[in-house]
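> Predicted model, plus sequence, below.
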There are 2 protein chains.
Amino acid sequence: MISVKAVASDRDTSRPMPMRPADLERVKALPLFSGASERLFRDVLAGCFLQRFPAGTTLLMEGDPVDFLYVLMDGSVELGASWNDKDTTLAILRPVSTFILAAVILDAESLMSARTIDRSDILMVSGEAMRRAAGEDAAFGFAVAQEMAGCYRGLVRAIKNQKLRGGLERLANYLITQRLRQGGGATFTLPHEKRMLASLLGMTPENFSRSLATLADYGVEIHGAEVTINRPATLERLAKPDPLIDNHQPVTDTVTGKAQRERWPLPNRDFRAA
Amino acid sequence: MISVKAVASDRDTSRPMPMRPADLERVKALPLFSGASERLFRDVLAGCFLQRFPAGTTLLMEGDPVDFLYVLMDGSVELGASWNDKDTTLAILRPVSTFILAAVILDAESLMSARTIDRSDILMVSGEAMRRAAGEDAAFGFAVAQEMAGCYRGLVRAIKNQKLRGGLERLANYLITQRLRQGGGATFTLPHEKRMLASLLGMTPENFSRSLATLADYGVEIHGAEVTINRPATLERLAKPDPLIDNHQPVTDTVTGKAQRERWPLPNRDFRAA
DNA sequence: TGAAGCGATTGACCCAAATCAAGGCGTAAC
DNA sequence: GTTACGCCTTGATTTGGGTCAATCGCTTCA
């Protein structure tokens, strides 16, 4: 549970934002929309709105009906779940990402909660418009199917990671993945609070801390959020990264969708529908 | 690892089967295909073939390229994964189910292995035909998206089950779910070997056995594969079933797709694209 | 400049689950 | 029948991870 300071300040209230042309371009660049015709794109985004939320805002609770597809334009969002007074982090999103697409497609209640981590700008797109467009436009329907397939495969990886590996191994692989995603240098920065990473990796903050300390034996130096991997080969011998669990694709400007991440590093057979 | 006795018998070799009209009807009844036109259905299934496999046949290994959508018509199939000499069961399928749809849609390698548990009849549909049809026919593309969304939500439930609950709780909820799926009577039958259920629930066979014994205190009687729940309320107090984790939908003849299961028990807002 | 609050760390302890080992039971092969 | 093998169960032990508690350090705010 992260509490949010209740400050009576304008900064901390959510509010509508003007939608700039640059924002539109970034949305259009998403694989989900990049194949759409100008007309379909306008139809789907008609009535959408961009909104700024303060850090710690609950966008959606588990079980809530889902009326919008959310697109994170700026900031970061945590997807989580809870049961019986326990809770866990299922994913941490960075721009530009869509979320709760599955619930939108099925017009179902959300199985996850969504909360802003930092102040975030979020585009909200009519779920009804999404469903209508996906059912009427073959190319768009296929793009939705591909995006869903990518999300599905991300979860398969997550379950394998969770069921087959121990905490230390999950952490080691997380660090290797982060290193690659941040350019591959020896030093990089943990992108979020350690407590949240612990929850994402399915461990307590205490064990996360202890596991980080253990990794010193494998050449991992920690100073605050700064991580230095001095002996990558040693760490990999422990982590045993596997392309069928870990998605080591570096983050680029041109590749942002879950489906795209899943297709890498395969050669691009005809990707979009002919 | 389940070893298969190598018996030099005709029964134990896979072989093509004639596709009966009744089989076609059962495939057509799947939500994935039920909205398709006769023409699209014929196009997609052109070149498909039905094949009978003996028990224990590996249909697909992790990392294999996926050329076909598989449809389990009869028998049962285990989807699994392994890493570092450990392995785990991700799902156990019963007819009529499709599998590895996500890999087909993205033309990607499989993240899971697939193995027959019993002798099984499996329909193999060209992945290329699936992708082409999904990209050309809006209704079919949307049906694929819905099916993927249903599969996705099934995995979200699985991760929540795994990360938020302990072994005993997972078992208790599994029993409650099985009871409902088998008609809701006090007594029902475990549908698979205990060792496989243990793997599905993320525990060792030893702990599975011990956990079953523990549940005697909660009114659960075990005789072989026969389970009797004498005090459902007591068991539920332990299990704390949650509609956002457990899918308690009873199995019916008319509802078979992953997407359909996810929509229940919501009222049917216009399901198929208008 | 404190004081409060929160995240991170560390240590002591406990519990759940994995491992190792042995034995029972049912089924299939000979 | 009898043997062999696989599955299941049960017990003893170990281990990974969770819980509880105390402390440190940083940031925020009065």
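Right, received. Where do you want to start?

> how close does the most centrally placed residue in chain A sit to A:M61?
Among the residues of chain A, the one closest to the centroid is A:L93, at 2.9 Å (C-alpha atoms, centre = their mean). In this view, A:L93 and A:M61 are 17 Å apart by C-beta to C-beta, to the nearest Å. The way it works is simple: take the backbone N, C-alpha and C, and place the C-beta from them, glycine included.

> Need the nearest residue in space to the residue nearest to the centre of chain A, chain neighbours excluded.
A:V77 (4.5 Å; C-beta to C-beta, 6 or more residues apart in numbering or on different chains).

> Could I get the contacting residues of the one you found?
By C-beta atoms under 8 Å, 6 or more residues apart in numbering or on different chains, the contact set of A:V77 is A:59, A:70, A:92-93, A:97, A:99, A:114-117, A:120, A:122.

> Arrange those in CSV, one row each, with secondary structure as further columns.
Formatted as CSV, the contacts of A:V77 follow (DSSP: H, G, I helix; E, B strand; the rest coil):
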residue, secondary structure
A:L59, strand
A:Y70, strand
A:I92, strand
A:L93, strand
A:S97, strand
A:F99, strand
A:A114, strand
A:R115, strand
A:T116, strand
A:I117, coil
A:S120, strand
A:I122, strand
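
> Out of the residues you listed, which comes closest to A:L175?
Taking C-beta to C-beta as the measure, A:L175 lies nearest A:I92 of those, at 15.1 Å.

> what about the residue nearest to A:F68 when sequence neighbours are not counted, how many residues close to it?
In this structure, A:F68 finds its nearest non-sequential neighbour in A:M124, 4.2 Å apart by C-beta to C-beta, 6+ apart. Residue crowding around A:M124 was assessed by other C-beta atoms under 10 Å in any protein chain shown; the count is 17.

> For the helix or strand in which A:M124 is found, which strands pair with it and how are they oriented?
When elements are defined using DSSP states H and E, A:M124 is found to belong to strand A:120-126. Partner strands for strand A:120-126, per DSSP bridges, with pairing direction: strand A:49-53 (antiparallel), strand A:68-74 (antiparallel).

> Kindly compare burial across the ones you listed and name the winner.
Per-residue neighbour counts averaged over each of the strands paired with strand A:120-126 give the maximum for strand A:68-74, namely a mean of 22 (mean count of other C-beta atoms under 10 Å in any protein chain shown).

> neighbours of A:V27, just the number please.
22.

> any idea of the pLDDT on whatever residue of the stretch 1-150 of chain A ends up closest to chain B?
Closest approach between the stretch 1-150 of chain A and chain B, counting by C-beta to the nearest C-beta: A:G135, at 2.2 Å. Model confidence at A:G135, expressed as pLDDT, equals 96.

> just checking, it is part of a strand?
No - remark: A:G135 does not belong to a strand; assigned using three-state DSSP, it is helix.

> Quick one: closest of the strands paired with strand A:120-126 to DNA strand D.
With C-beta to the nearest atom of the strand, the closest approach to DNA strand D among these belongs to strand A:49-53: 18.2 Å.
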